[in-house]
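>>> sequence and predicted model, in that order:
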Amino acid sequence: MSLLAILQSFLLIAGALMFCIGSLGLIRFPDTYTRIHALTKADNLGLGLIVLALILNVESVALALKLLLIWGLVMIASALSGHLVAWEADEQCIPLCQPGETERHLESEDE
Amino acid sequence: MNSLYSVTLVILLISLLMGVFRIWRGPRMADRIMAAQLTGSTGVAVLLIFAELQNQPAARDTALVLALLAMLVAIAFVGRVWGFSQEKKDS
Amino acid sequence: MSSYLIFAYGGVGLCGIGVFGFILHTHLLRRLIAFNLLGSGTFLILVGLSQSGRGEADYIPQALVLTGIVVAVAATALALVLIRRWAALTQHATLPEDQGPS
Amino acid sequence: MNELIDLTLVCILLGLASLSLFTQSLFRAVMFFILLGLILALVWIRLDAPDIALAEAAIGAGITGILLLDALAHLRATSNTPPQLRQLKQPRFWLALISGAGVILLLALAISEPLAPAVALDLQVSENLTNSGVTHPITAILLNFRSYDTLLEVAVLVLAALVAVTLRQSDEHPVVNEYLPNPLLHACLKLFFPMIFLVSMYLLWAGAAQPGGAFQAGAVLAAAFVLFYLVGLKTQLAQNDIYLKGGWIFGLALFVLVGSMPLLYGQPFLTYPDSQAGIFILLIELGLTLSIGWILFSMFLLSQSSPLQKKDSP
């Protein structure tokens, strides 16, 4: 196994695990504001590591640029939607989670 | 190499399932939208892996389209659904 | 079992769920979702079945399904226009025969 | 390993379908349905159908999701029907269960024995591909071998838009476009609009040789128009009936016009001369892309013009 392949497998697994950690954060964090944090980290770093791994064995520069473009677009999109959610949540005065409070005390909003 | 891609895929699919759980659980609509955004990005990653695994270059184009349109749902939600339901609550 | 056939059976499942939901629900938006599930299931069966016999990509059903998807989204949009007009006129999102004796 | 991934995808697909139908909240149902579109795009790639995956990604993640979310916001003001699953004793439930199970049983029986195709259509396609003007088989089928189908399909789309416009309410309820006053959103969208248009044109151009084409490009274009509208940018063009309807007819008219050009040389309708078929197809596809994008967008717009008016006395 060459050094390149080892690096690539490390990046791939790390990226996928980053996505997992992001989803885990989305499940474990107590309120809307903290969950935004989990969302954007997973998008940026998870997809970024996977794209880096894939770039290592592309055959043309154009393909590498396309992969980087996809990464950049996802990054902007997730940052933007995170910002929009935070902005609107602030506008509507959604309360922050107090210490000791778990999310179970919140009733579902849309039922 | 292929088995490595498969392992990555399995981890990504697990992450996707966790996103589905958050959409199911809520509790706020904003949490559901954020979970949908995360599953969208996971979908982009899965498509990129598929492109390598199946030697299907067009999967990258699909990922590009998905990346471009992923935020549409969030914008529509913030602009339409959320404000609307708040209005209803106030009245 | 080839992977094409697995997806064809998945399409069968989608069709069944779609029909079940379409009859069970009275809310028109849910019926529209069920209708779309039925459509997606049909598309999956069409492509999956024809490819499982050949073992490779079959372009003719794919072209058919591509047309079908675009027509399906136009139908969905038209249905939403109708549903919203109906809701604006009657203040209900269900059909009169489903509204019960009240 | 491959079968395992396929099975997992099918399980997620069926799970999401059930969730989107049987969850109690309508908003959740719509979210699951949007997610189902995403999973379907993955499934189409697994099925070696990247053309359909492209269309599904553009339509499932873009247009359908927004249409449903927007309708949902308006329908919230209607009388809320009670959750359906509590009425399990109703005859409706048993009818639905029997029908659903019957459909699954019949279809599973039907596909358990594969049918041998009577005509080897795929051989005919690959034999004639060199004369079609494009190298991608699906584009050749849609715009050369079976162009009648595509022509009539666009006619169906125009028809749907015409029905929608007759349902439009009178001008006393002008379209109120809520405006999102967020500076970051507008800055980002200035970057995204040209990108979406560029990708749309790329898909159109790529359709000649690789997956892509008028339908996918049109769906992406429609998403761009909707995005334009959602952030409150100028849509004066869409308020004017001449531009609105002209945009629908444009693709169809161009198709008929280009298709009837061979008539001048004594050739049948919609047969392109082999040497110039590529240019003919590109021209038609450009018209189709613009028209499909415009029709899908105006369907969204027309559903907007039916605001829920609160009656004082029911």
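Here it is on my side, so go on. On a predicted model such as this, the values are computed, not experimentally measured, just so you know.

>>> just for chain B, where's the confidence low?
For chain B, the stretches flagged by pLDDT under 70 are B:83-91.

>>> quick one: the strands in chain B?
Listed in chain order, chain B contains no strands at all (DSSP state E).

>>> closest residue of chain C to chain B?
Here chain C gets closest to chain B at one residue, C:Ala57, 10.0 Å apart by C-beta to the nearest C-beta. Glycine gets a C-beta too; all of them are placed from N, C-alpha and C.

>>> ugh, wrong one, I meant chain D
For chain D, C-beta to the nearest C-beta, closest residue to chain B: D:Pro50, 3.4 Å.

>>> give me the nearest residue to that residue, chain neighbours excluded.
Spatial nearest neighbour of D:Pro50, excluding adjacent residues (C-beta to C-beta, 6 or more residues apart in numbering or on different chains): B:Ala58 at 3.4 Å.

>>> who's in contact with the one you found?
B:51, D:50-51, D:53-54, D:210-212 (C-beta atoms under 8 Å, 6 or more residues apart in numbering or on different chains).

>>> measure it to D:Gln210 for me?
6 Å (C-beta to C-beta, to the nearest Å).

>>> now stretch D:57-72, how far from the centre of its chain.
10 Å (C-alpha atoms, centre = their mean, to the nearest Å).

>>> what does the stretch 101-250 of chain D put close to chain A?
D:180, D:182, D:184-185, D:188, D:191-192, D:195 (C-beta under 8 Å from any C-beta of the partner chain).

>>> let's see it at 7 Å
For the stretch 101-250 of chain D, the residues in contact with chain A (C-beta under 7 Å from any C-beta of the partner chain) are D:182, D:184-185, D:188.

>>> out of these, who's the most crowded?
Taking other C-beta atoms under 10 Å in any protein chain shown as the neighbour criterion, D:Leu185 ranks highest of those with 23 neighbours.

>>> looks to me like that one is in a strand.
No: if the criterion is DSSP: H, G, I helix; E, B strand; the rest coil, then D:Leu185 is helix and not within a strand.

>>> if I pick it, what's in contact with it?
A:80, A:84, D:231 (C-beta atoms under 7 Å, 6 or more residues apart in numbering or on different chains).

>>> wait, the second one sits on B:Leu72?
No: the pair A:Leu84 / B:Leu72 is not scored as a contact, 11.7 Å apart, by C-beta atoms under 7 Å.

>>> same question for stretch D:186-201: list its buried residues.
Residues of stretch D:186-201 classed as buried by neighbour count (16 or more other C-beta atoms under 10 Å in any protein chain shown): D:188-189, D:192, D:195-196, D:199-200.

>>> that stretch close to chain C?
No: contact between stretch D:186-201 and chain C is absent, the nearest approach being 14.5 Å (criterion: C-beta under 7 Å from any C-beta).

>>> pull the distance from that stretch to the chain's centre.
20 Å.

>>> CA atoms only for it, dumped as PDB, please.
Taking C-alpha atoms only, stretch D:186-201 is exported to PDB below (Å, rounded to 0.1, in the frame of the first residue of the first chain):
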ATOM      1  CA  HIS D 186     -28.500  38.900  -1.100                       C
ATOM      2  CA  ALA D 187     -24.700  38.900  -1.300                       C
ATOM      3  CA  CYS D 188     -24.600  35.100  -1.500                       C
ATOM      4  CA  LEU D 189     -27.300  35.000  -4.100                       C
ATOM      5  CA  LYS D 190     -25.500  37.400  -6.300                       C
ATOM      6  CA  LEU D 191     -22.900  34.600  -6.400                       C
ATOM      7  CA  PHE D 192     -25.300  31.800  -6.800                       C
ATOM      8  CA  PHE D 193     -27.600  33.200  -9.600                       C
ATOM      9  CA  PRO D 194     -24.900  33.200 -12.300                       C
ATOM     10  CA  MET D 195     -23.700  29.800 -11.100                       C
ATOM     11  CA  ILE D 196     -27.100  28.300 -11.400                       C
ATOM     12  CA  PHE D 197     -27.600  29.700 -14.900                       C
ATOM     13  CA  LEU D 198     -24.100  28.600 -15.900                       C
ATOM     14  CA  VAL D 199     -24.800  25.000 -14.600                       C
ATOM     15  CA  SER D 200     -28.100  25.000 -16.500                       C
ATOM     16  CA  MET D 201     -26.400  26.000 -19.800                       C
END
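
>>> got the phi/psi numbers for D:Gly266?
phi 80, psi 20 (degrees, to the nearest 10).

>>> next one: the one 10 residues further on
The main-chain torsion angles of D:Gln276 are listed as degrees, to the nearest 10 and equal phi -110, psi 10.

>>> pull the number of nearby residues for it.
Other residues close to D:Gln276 by other C-beta under 10 Å number 12.

>>> and what of D:Ser112?
Count around D:Ser112 with other C-beta under 10 Å applied: 9.

>>> so how far is D:Ala101 from it?
Per C-beta to C-beta, D:Ser112 is found 16 Å from D:Ala101.

>>> cool, B:Asp61 as well?
The value you get for B:Asp61 to D:Ala101, if C-beta to C-beta is used, is 39 Å.

>>> show me what contacts the most centrally placed residue in chain D?
Nearest residue to the geometric centre of chain D (C-alpha atoms, centre = their mean): D:Ile59, 4.9 Å. Contact partners of D:Ile59, counting by C-beta under 7 Å, 6+ apart, are C:69, C:73, D:219.
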